[in-house]
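J.: Next comes the sequence, and after it the predicted model I'd like to discuss.
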Amino acid sequence: MKIKSIQLPKQPLVALNNINVTFFQKVALQNINLRIYPNSVMTIVGPNGGGKSTLLKVLLKLLTPTSGDVVYSKNLRIGYVPQKIHLDPSLPITVEKFLSLKKGITKNDMQQALELLSVSHLIKNSMQKLSGGEMQRVLIARAILNKPNLLVLDEPTQGVDINGQVELYQLIKQTREKLNCAILMVSHDLHIVMADTNEVLCVNHHICCAGTPEAVSNDPKFIHFFGDQFAKNIAVYTHHHNHQHNIHGDVCCQDDQTCAEHKN
Ligand SMILES: Nc1ncnc2c1ncn2[C@@H]1O[C@H](COP(=O)(O)OP(=O)(O)OP(=O)(O)O)[C@@H](O)[C@H]1O
């Protein structure tokens with residue numbers, strides 16, 4: 001007898017079911033449903049005050065939703081990088097001490113995480129004196145100490161200049177590949193992260209639109225929030241053609257030249 005192998009559907013790491021959050025009769029989130037699958041990369045975009053951080057807080061159990069439920073897979077380990085942390089300037093703390101505040105962490109775990117984020121040289125530095133980019137790297141290093149299978153990042157490039165932003169996203173990508181984890185992040189830098197994003201969720205209290213970066217950036221609701229210039233920039237990132245094709249699909253000339261087939 002021939003036995004057919006069947007592909008079982010992947011179980012989500014986290015499922016949010018019909019989540020509603022109301023603050024003093026003001027709706028922050030309405031009927032949010034989402035699934036995060038192992039190894040996937042999901043980017044949340046949306047206008048200021050649209051509920052993105054609230055959504056993360058519900059997922060991280062930092063906030064109990066007004067209604068709805070969150071289902072976690074048994075083996076879930078979450079690493080979280082907050083938007084920013086508040087450090088008391090009168091209580092200097094080194095990077096080493098800061099990382100060792102996490103329970104059950106060995107020196108080896110710490111070194112591995114710092115190496116992965118290329119900040120081993122900062123181990124004895126004061127947290128209060130780190131630059132914006134260094135701080136974000138140390139926060140990501142802290143978030144991966146427990147080898148998460150889901151890394152959640154809330155606007156990871158806040159306070160980082162444009163060159164640093166590209167580098168930071170590159171490091172996040174390398175971290176994901178090394179840990180084999182899923183990523184859920186809130187980001188305004190869709191044009192940078194879209195190449196590595198599987199699904200974009202545009203949240204303005206409810207899910208306005210969701211799908212691949214290309215599909216979302218062309219969605220009228222997304223264009224309404226971010227303007228068509230942004231969508232056009234994204235189009236350039238995803239599909240920049242500096243050449244033309246002949247009827248067989250072969251490249252036949254550059255944009256600034258005209259070959260026989262494109263003369264008329
Ligand atoms: N603890 C709270 N109490 C009352 N209102 C709150 C609370 N937290 C958030 N809100 C409100 O809920 C709405 C959503 O806020 P949230 O911080 O989730 O938005 P956001 O999309 O993350 O915004 P931003 O892009 O500006 O960071 C806002 O109107 C905010 O003022």
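T.: Good, I have the coordinates. Residues are numbered from 1 along each chain as shown.

J.: Could the C-alpha coordinates of stretch 57-67 be exported in CSV?
T.: In CSV, the C-alpha atoms belonging to stretch 57-67 read as follows (Å, rounded to 0.1, in the frame of the first residue of the first chain):
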residue,chain,number,x,y,z
LYS,A,57,1.2,45.2,24.5
VAL,A,58,-1.8,42.8,24.2
LEU,A,59,0.4,40.2,22.5
LEU,A,60,3.0,40.6,25.2
LYS,A,61,0.5,40.2,28.0
LEU,A,62,1.3,43.7,29.2
LEU,A,63,-2.3,44.7,28.6
THR,A,64,-5.5,42.7,29.0
PRO,A,65,-7.9,43.3,26.1
THR,A,66,-11.4,44.6,26.7
SER,A,67,-12.6,41.5,24.8
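
J.: and this structure, which residues reach the ligand?
T.: Counting by Cβ under 6 Å from any ligand atom, the positions of the chain adjacent to the ligand are Phe23, Ala28, Gly46, Asn48, Gly49, Gly50, Gly51, Lys52, Ser53, Thr54. Every C-beta, even on glycine, is put in place using the N, C-alpha and C of the backbone.

J.: The third one contacts Ile207, doesn't it?
T.: No. Using Cβ atoms under 8 Å, Gly46 and Ile207 do not qualify as a contacting pair, with a distance of 9.3 Å.

J.: of the residues of the chain next to the ligand, buried ones?
T.: Applying a neighbour-count criterion of 16 or more other Cβ atoms under 10 Å, the buried members of the residues of the chain next to the ligand are Ala28, Gly46, Gly50, Gly51, Lys52, Ser53, Thr54.

J.: Just the ones of those residues in strands?
T.: Where these overlap with strands, as defined by DSSP state E, the overlap consists of Ala28.

J.: Can I get the buried ones among the residues of the chain next to the ligand in a markdown table including pLDDT?
T.: Supplementary listing: these in a markdown table, determined by pLDDT from 0 to 100:
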| residue | pLDDT |
| --- | --- |
| Ala28 | 97 |
| Gly46 | 87 |
| Gly50 | 92 |
| Gly51 | 95 |
| Lys52 | 94 |
| Ser53 | 93 |
| Thr54 | 95 |
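
J.: Farthest-apart pair in the buried ones among the residues of the chain next to the ligand, please.
T.: Ala28 and Gly46 (11.8 Å; Cβ to Cβ).

J.: State the phi and psi torsions of Leu184.
T.: Leu184 adopts backbone torsions of phi -130, psi 120, taken as degrees, to the nearest 10.

J.: what pairs with it across the strands?
T.: The residues listed as beta-bridge partners of Leu184 by DSSP bridges are Met42, Val152.

J.: Does it touch Tyr37 like I think?
T.: No. If you go by Cβ under 8 Å, Leu184 and Tyr37 don't touch, sitting 10.6 Å apart.

J.: Quick check: closest non-adjacent residue to Gln83.
T.: Among residues not flanking Gln83 along the chain, Asp154 sits closest, at 4.5 Å (Cβ to Cβ, 6 or more residues apart in numbering).

J.: Poorly predicted segments of this protein, please.
T.: Judged against pLDDT under 70, the low-scoring parts of the chain cover residues 1-9, 227-264.

J.: Would you map out the domains in it?
T.: Following automatic domain parsing, one gets these domains for the chain: 1-77+150-164+177-264, 80-147.

J.: in stretch 181-197, what counts as buried?
T.: Along stretch 181-197, these residues count as buried under the neighbour rule (16+ other Cβ under 10 Å): 181-194, 197.

J.: in stretch 90-109, what's buried?
T.: Quick answer for stretch 90-109 (16+ other Cβ under 10 Å): Val95, Phe98, Leu99, Asp109.

J.: List phi and psi for the first one.
T.: The phi/psi pair for Val95 (degrees, to the nearest 10) reads phi -60, psi -40.
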